[in-house]
Structure formats: C-alpha cells, structure tokens
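**Q** Next come a sequence and a model predicted from it.
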Amino acid sequence: MVEPMNWISEVVRPRIKTLFKRETPENLWIKCPDTGQMVFHKEVEGNLWVIPGSEHHLKMSAQARLKMMFDEGTWIDVPLPEVAADPLRFRDEKRYVDRLREARAKTGMTDAFKIGFGRVGGLPMTLAVQDFAFMAGSLGMAAGEAFIRGAETALDKRTPFVLFSASGGARMQEGILSLMQMPRTTVAIRRLNAAKLPYVVVLTNPTTGGVTASFAMLGDVHLAEPGALICFAGPRVIEQTIREKLPDGFQRSEYLLARGMVDQVVHRHALKETVVRLCGLLMDQRADAGSPRPAPQQPSVAEPA
C-alpha cells in the first residue's frame, strides 16, 4: 500500500527554504590560528593578511607580496626559464605532472617562484618571492632556475636582490635534481657578493628544509616576520628523535633572533620601509668601498617610473 504524501512536510517546507535561502561565500570569515577569533575576510586582506588584534601573520601569495612592496603596486614580471616538467617520471598517489597541473590551476603560477623588477621606495630593486600555495613552495629545477634568473636580473640592472622565502623544502618528486639547486643557487649568491650588490632575505612562515640549508640563510641581512617557523627539520621531528619536550617558541623567528640567527624581526606593515632603508645603506657602503656606483637609470617606457 502506497502511503499518502505529506504536502506540508515534503513540498511546502522545501519550497519555502529554497525561496529564502541566502548564498554565503565560503571565505567570508577567517579564523585566527592563535585565538580562534573570527575576522571578516576583507578586513584581513586590507590589513596585509595580518589578523587585527592578535597580529598573527597569515601566508601571502606571491602576487600580493609584490603588490605590497613595489611602488604603486606595479612592476615588471621577469620571464622565467622553462625546464623539463617531469624528468624522473615520478609517481606516488598521483603522477607528478598531474600535481603540477593542479598547482598551476590553483595558483595561476608556473612554479613556486615569482620574480619582479621595479621601484621600491624609489630605489630600483629585484624581488624574488616564493609562494607556499604552489606545492608548499618546494625547491625544484624550475624554482632553482627562477632564483638564478632573479640574481642575474639584479646583476644586469645593478640592483639589490631581495628574497621572500616560504618553503617546505626540496621537491621530492625531482630527487637529486632538486638537491642540486642548493649549490647552484649558492653560486648565484656568490656572484652577487662579487659584484658588491646587496642580497637581503626576508624569512616568512614557514621556511624549512633545503631552502633554509641554502639560499635562505646566505643573505647579507636576514629579516623575519613575527612568529615565522624557520628551521631545517621541524619541531615534531626533533621531539620524536631526541624524545624531549622542546622550549616554547622553538625555531620561531623570535627564538632565532635571540640566538643571533636572524638580524631583525619586522612586522609586515614595516617591511617595505625596512627593506628600502637597508638596501639604500648597503648600496651606499659598497659604493664607498670601491665598487663603481651605478648611474641612476632613466626609466624606459616599459619600466615603472
């Protein structure tokens, strides 16, 4: 026997719910990792991705970093070299080429680095930014080539080279080819040193693994954002290895500052001013030390005024 339909519960109510349903964007609110406070997304974005109140520094995209640093938010994108997409034909749960395709669709980037040239506080400057959203900012052949291209751009334009690091380490899908980027990037830094051009590193959360073991810790000056995790092996791995409880704040930027591994912890709002002041001082000092001081460049049509 077929049961009679209950029109009130099965027809009328669903139609009323559909009629008055309001679509709410999924990213309307952001939860602070420190306090659990819910903050309006637009408010956080307008505050350079720093949570008001707790001052927790969230991760930033490479595009947002460059926009924050360059004058008037404009710069020239430095074209990056192409490399073999999957030299080892690596596969785990997914094929490496599929992971790359997903990361590129998600971020709109070809790999974990973005390089920009323009003016920061009126000074010509070359900036390299790692984007953690692209496969955890991992260091592979494309990232290594991008860093080297950034250093070459700084050499060609006679500008300081500023790195914003954010990485989980070397990219395992490229094996030894990934690890070889550590000495290659080190050679590029040596060329900057020989040309007496400043190399400033801004360590952001997180900077770990092979990136910390190479170009992220070879700067003339090391700045860090508050609360950034900076290490080779993470705290959980170390605790499991030595079977001891680690101190509070271990491997965070403030902990490293107290032990001389970081020169200054700088709030994101003051980063541009600090980088401009440092690069200006370093360029003046190196010019006075005997390096030929570059003549002021006249901006071309393609270059930011």
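**A** Sure, I can see it.
**Q** Before we move on, what's the pLDDT of Q37?
**A** The model reports Q37 with a pLDDT of 89.
**Q** Chain neighbours aside, what residue packs nearest to V44?
**A** Spatially, and ignoring its direct neighbours in sequence, V44 is nearest to I30 (5.1 Å; Cβ to Cβ, 6 or more residues apart in numbering). For glycine as for every other residue, the C-beta is placed from the backbone atoms N, C-alpha and C.
**Q** How about the secondary structure of the one you found?
**A** Three-state assignment for I30 (DSSP: H, G, I helix; E, B strand; the rest coil): strand.
**Q** Tell me how many other residues surround it.
**A** For I30, the count of nearby residues is 19 (other Cβ atoms under 10 Å).
**Q** from memory it sits against M38, does it?
**A** Yes. Assessed by Cβ atoms under 8 Å, I30 is found in contact with M38 at 7.3 Å.
**Q** Against T212, how distant is the residue nearest the centre of the chain?
**A** Residue closest to the average C-alpha location in the chain (Cα atoms, centre = their mean): Q130, at 3.6 Å. From Q130 across to T212, the span is 12 Å (Cβ to Cβ, to the nearest Å).
**Q** shared neighbours of the two, which are they?
**A** Taking Cβ atoms under 8 Å, 6 or more residues apart in numbering as the contact rule, Q130 and T212 both touch S165, S167.
**Q** can you give me the end-to-end distance of stretch 79-95?
**A** Stretch 79-95 has an end-to-end distance of 27 Å (criterion: Cα to Cα, to the nearest Å).
**Q** And for stretch 169-187?
**A** Using Cα to Cα, first and last residues of stretch 169-187 are 19 Å apart.
**Q** what mean pLDDT does it have?
**A** For stretch 169-187, mean pLDDT rounds to 96.
**Q** For I76, give me phi and psi.
**A** Main-chain dihedrals, I76, degrees, to the nearest 10: phi -100, psi 120.
**Q** what about K94, how many residues close to it?
**A** Using other Cβ under 10 Å, K94 has 12 other residues around it.
**Q** coming back round to it: so what's the residue nearest to V44 up against?
**A** By Cβ under 8 Å, 6+ apart, the residues touching I30 are M38, V39, F40, H41, V44, I51, L58.
**Q** go on, A133?
**A** Residues in contact with A133, defined by Cβ under 8 Å, 6+ apart, are K59, S61, A103, K106, T107.
**Q** Can you tell me which of those is closest to D71?
**A** The closest of these to D71 turns out to be S61 (Cβ to Cβ; 19.3 Å).
**Q** thought the closest one was touching D131?
**A** Yes. Applying Cβ under 8 Å, one finds S61 in contact with D131, separated by 5.8 Å.
**Q** ok, those two, which is more surrounded?
**A** More neighbours surround D131 than the other of S61 and D131, with 26 against 18 (other Cβ under 10 Å).
**Q** Who are the contact partners of the more buried one?
**A** S61, A62, T107, M109, A112, F113, K114, G137, A166.
**Q** how many neighbours does the closest residue in space to M135 that isn't next to it in sequence have?
**A** The shortest distance from M135 to any non-neighbouring residue, by Cβ to Cβ, 6+ apart, is to A103 (5.0 Å). Neighbourhood size, A103 [other Cβ under 10 Å]: 20.
**Q** ok, now which ones touch A103?
**A** A103 makes contact with M109, A133, F134, M135, according to Cβ under 8 Å, 6+ apart.
**Q** quick check: mean pLDDT across the helix or strand hosting it?
**A** Using DSSP states H and E, A103 maps to helix 96-107. In this model, helix 96-107 has an average pLDDT of 96.
**Q** can you start the count at 22 instead of 1 from here on
**A** Okay, using 22 as the starting number, the last item reads as helix 117-128.
**Q** mind exporting it as CSV, just the C-alpha atoms?
**A** As requested, the backbone C-alpha atoms of helix 117-128 are provided in CSV (Å, rounded to 0.1, in the frame of the first residue of the first chain):
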residue,chain,number,x,y,z
TYR,A,117,53.9,14.4,-10.7
VAL,A,118,52.6,16.0,-14.0
ASP,A,119,49.1,15.9,-12.5
ARG,A,120,50.2,17.5,-9.3
LEU,A,121,51.9,20.3,-11.3
ARG,A,122,48.8,20.8,-13.4
GLU,A,123,46.6,21.1,-10.3
ALA,A,124,49.1,23.6,-8.6
ARG,A,125,49.2,25.7,-11.7
ALA,A,126,45.4,25.8,-12.0
LYS,A,127,45.1,26.7,-8.3
THR,A,128,47.7,29.5,-8.2
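**Q** got the buried residues for it?
**A** By 16 or more other Cβ atoms under 10 Å, the buried positions in helix 117-128 come out as Y117, R120, L121, A124, T128.
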